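# Here is my input, please return the structure:
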Amino acid sequence: MSRLVLSSVATLLVVACSGESAESETSTTSPTETISVASDVAAPASTADTSIEMAEIATTIIDNEASVSVEPSTILEALGGDYVNADLTNGARQYRRCQSCHTINEGGRHTVGPNLYGMMNQAAASGERYSYSSALEDAGLTWDAATLDAWLENPRELVPGNRMSFVGLRDAEARRDLIGYIAVETSR
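So this is what the prediction gives:
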């Protein structure tokens with residue numbers, strides 16, 4: 001069934017990017033189980049809408065804990081903008097700055113900072129069993145690519161009074177690569 005879900009998501013992503021619409025499909029996976037795949041899905045009106053929709057699809061896969069593998073390119077496309085060009089090797093290199101305080105794996109432990117797994121498109125300061133600063137809790141942020149970019153550039157400026165000691169990453173391409181890497185690694 002997870003292969004059917006993945007192929008359905010892939011179909012929806014292709015449709016969302018291409019500007020076409022998909023006809024309703026139904027697939028039977030067992031004599032008693034029928035799954036509706038798509039129902040006249042139309043492409044969003046703008047690139048921003050496409051990014052949001054694709055991010056929601058990727059988040060749904062994660063939220064449903066589907067044991068499927070999503071291609072990194074699909075995740076980067078879901079982020080929108082220039083993230084499709086993110087250099088994941090450089091992102092992994094940039095992440096070395098983060099790993100002294102953060103883990104990134106599913107079920108990873110919190111250290112000085114919280115585990116980052118599944119954080120994309122989630123409310124900031126919403127991870128379980130971690131004590132966040134009141135400044136971050138009160139900020140009302142959602143960790144999308146744009147917010148994470150501003151945070152990584154200068155966390156003290158974005159949320160004055162937060163406890164993160166990181167001074168920021170000024171290089172825009174390094175931030176792009178790091179965000180791409182985090183999105184891919186925390187979505188697996």
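# going forward, measure contacts between C-alpha atoms and count neighbours the same way
Will do.
# Can you give me the neighbour number for the closest residue to residue 164 other than its chain neighbours?
Of all residues not flanking residue 164 in the chain, residue 155 sits nearest, at 7.2 Å (Cα to Cα, 6 or more residues apart in numbering). Residue 155 has 21 neighbours, counted by other Cα atoms under 10 Å.
# Give me the pLDDT for residue 155.
Residue 155 carries a pLDDT value of 97.
# give the contact list for it.
Going by Cα atoms under 8 Å, 6 or more residues apart in numbering, residue 155 touches 162, 164, 166-168.
# Could you do residue 95 as well?
Residue 95 makes contacts with 178, 181-182, as judged by Cα under 8 Å, 6+ apart.
# Also residue 122?
Residues in contact with residue 122 (Cα under 8 Å, 6+ apart) are 142-144.
# Those into JSON lines, with extra columns for neighbour count, pLDDT and distance to residue 127?
Listed next are the contacts of residue 122 as JSON lines, based on neighbours: other Cα atoms under 10 Å; pLDDT from 0 to 100; distance: Cα to Cα, whole Å:
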{"residue": "142", "neighbour count": "17", "pLDDT": "97", "distance to residue 127": "12"}
{"residue": "143", "neighbour count": "17", "pLDDT": "96", "distance to residue 127": "12"}
{"residue": "144", "neighbour count": "19", "pLDDT": "96", "distance to residue 127": "15"}
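# Got the domain ranges for the chain?
Domain assignment for the chain, taken from automatic domain parsing, gives 2-80, 86-185.
# now do the same end-to-end measure for the last one.
The first residue of domain 86-185 is 13 Å away from its last residue (Cα to Cα, to the nearest Å).
# Thanks a lot, see you next time.
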